[in-house]
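In: what follows is a predicted structure for the sequence shown.
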Amino acid sequence: MNQGDPIPELKVTPDKYLPHRYAGASGDFNPIHIDNDFAQQVGLPRNILHGLYSMAQVARANAAAAGGDPRSLRRLEVQFRGMGVPESEITVTGTVREEGDGIVVVDAEAEQDGKKIIRNAEAELEI
Amino acid sequence: MAVDDGAQGKSYPPFEYEVGKEKIAEYANAVGEDNHVYFDRQAARDAGFRDVPAPPMFAVVYSAGAMAPAITDPEVGIDLMSMVHGGQEFVWGEPVCAGDVITTTAEVDDISEKGGMGFYVFSSVSTNQDGDEVVRGTWTNIVRGVS
C-alpha cells in the first residue's frame, strides 16, 4: 500500500431489520433506530442506522485492506454526519495518506445515496 | 456560557464485562464480519489468538456499561433527546478474546460550547484480566440548542 493508493471499496446494504439485530448485538435500543413511528414523530425521515454500525463498516473496509487480520487495525477515528438508513447501499472508500515503519494511515469515508454519513475517518493499519 | 462544564474531569466506577463466544458471533453477524476466526475456536487458535477474538468494534459492547452512567449523569447535564453522537475514536491494544474479563473506566474529558452546540467529550480505558490495555476510546456527543 503506497501513498495515494485507494483501498478496496466496501459496499453493504443493511436490510430492513438490521437495526434491530444491531440493537440486540450492541445493547443500544434507542427507539430512533428500531421504531419507525417514533423516529418520524421526532422529525427523522424514518428509523436510522446506529452510527457505530456504520463505523464498524469503515473498520471492516480498513482491516480488509490490510489483509483481513483484525489485529492490523490499530486506530480508527470518525466523525458522524447526516444519517444512515436501512435498505440503501453504503459505500466505504479510502485512500492511503502516508506509509512508513510498517504503519499505513488511511483517510476514509462512508456515503449513502450520495450523502456522506461518515466523514474525516482516519485509520492506522499495521502492515 | 450556557453549558455547565463543572463535571469536567469527573470519573466513574469501573465496569466489568465478561466476553462470551456466542456474543462475539452475534455481534460479528450483525456488522457483517465473516472471518472464520470470529466463529471457530480452532481457526482462531490457528491464527494465533488465545480464543475466538472479538472484532475491533466490539469495543462498544464491553464499554457501553461504563459509558452509560457518564453520559446520563445529571451533573454532566446532557439533554439526551437533543444529543447526537458526533465522533468516535478507538485505539486498540491487546486483542479481546472469548473468556476475557474486560474492565472499563470512563471519564469526562471536556465540556465546551461552540455555535450554540454543546460538545461533551468522554474518554474510556479498557483493560483485560491480565492488566493489558485492550482499547482506549474517545466519545464525542453533541447537544444542539444549548444557548
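Out: Noted; the coordinates are in hand.
In: show me the strands in chain A, by range?
Out: According to DSSP state E, chain A carries its strands in the segments A:10-12, A:73-80, A:90-100, A:103-112, A:115-126.
In: closest one to chain B among those strands?
Out: Among those, strand A:73-80 comes nearest to chain B, with 3.9 Å by Cβ to the nearest Cβ. To be clear about C-beta, it is placed using only N, CA and C from the backbone, and glycine gets the same treatment.
In: please name every helix or strand in contact with the longest helix seen in chain B.
Out: Criterion DSSP state H: the longest helix present in chain B is helix B:59-71. Judged by 3 or more Cβ pairs under 8 Å, 6 or more residues apart in numbering or on different chains; DSSP states H and E, helix B:59-71 is in contact with helix A:18-26, strand B:15-18, strand B:83-92, strand B:101-114, strand B:117-127, strand B:133-143.
In: got these as a markdown table, with distance to residue A:41 and mean neighbour count columns?
Out: Formatted as a markdown table, these follow (distance: least, Cβ to Cβ, whole Å; neighbours: other Cβ atoms under 10 Å in any protein chain shown):
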| stretch | distance to residue A:41 | mean neighbour count |
| --- | --- | --- |
| helix A:18-26 | 17 | 20 |
| strand B:15-18 | 32 | 16 |
| strand B:83-92 | 17 | 20 |
| strand B:101-114 | 28 | 18 |
| strand B:117-127 | 23 | 21 |
| strand B:133-143 | 20 | 20 |
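In: out of these, which comes closest to residue A:55?
Out: strand B:83-92 (6.0 Å; Cβ to Cβ).
In: which residues are contacting the closest one?
Out: Applying Cβ atoms under 8 Å, 6 or more residues apart in numbering or on different chains, the contact partners of strand B:83-92 are A:51-52, A:55, A:73-80, B:56-57, B:59, B:71, B:119, B:134-144.
In: can you check stretch A:69-79 too?
Out: With Cβ under 8 Å, 6+ apart, stretch A:69-79 has contacts from A:55, A:58-59, A:62-63, A:66, A:103, A:118-127, B:35, B:37, B:47, B:53, B:55-56, B:86-92, B:95, B:138.
In: chain center to it: distance?
Out: In terms of Cα atoms, centre = their mean, to the nearest Å, the centre of stretch A:69-79 is found 12 Å from the chain centre.
In: would you check how far apart the nearest residue to residue A:40 once chain neighbours are set aside and residue A:86 are?
Out: Distance criterion Cβ to Cβ, 6 or more residues apart in numbering or on different chains; nearest residue to residue A:40, sequence neighbours excluded, is residue A:46 at 6.7 Å. Shown here: residue A:46 relative to residue A:86, a distance of 8 Å by Cβ to Cβ, to the nearest Å.
In: who has more neighbours out of the two?
Out: Remark: of residue A:46 and residue A:86, residue A:86 carries more neighbours, 20 against 13, as counted by other Cβ atoms under 10 Å in any protein chain shown.
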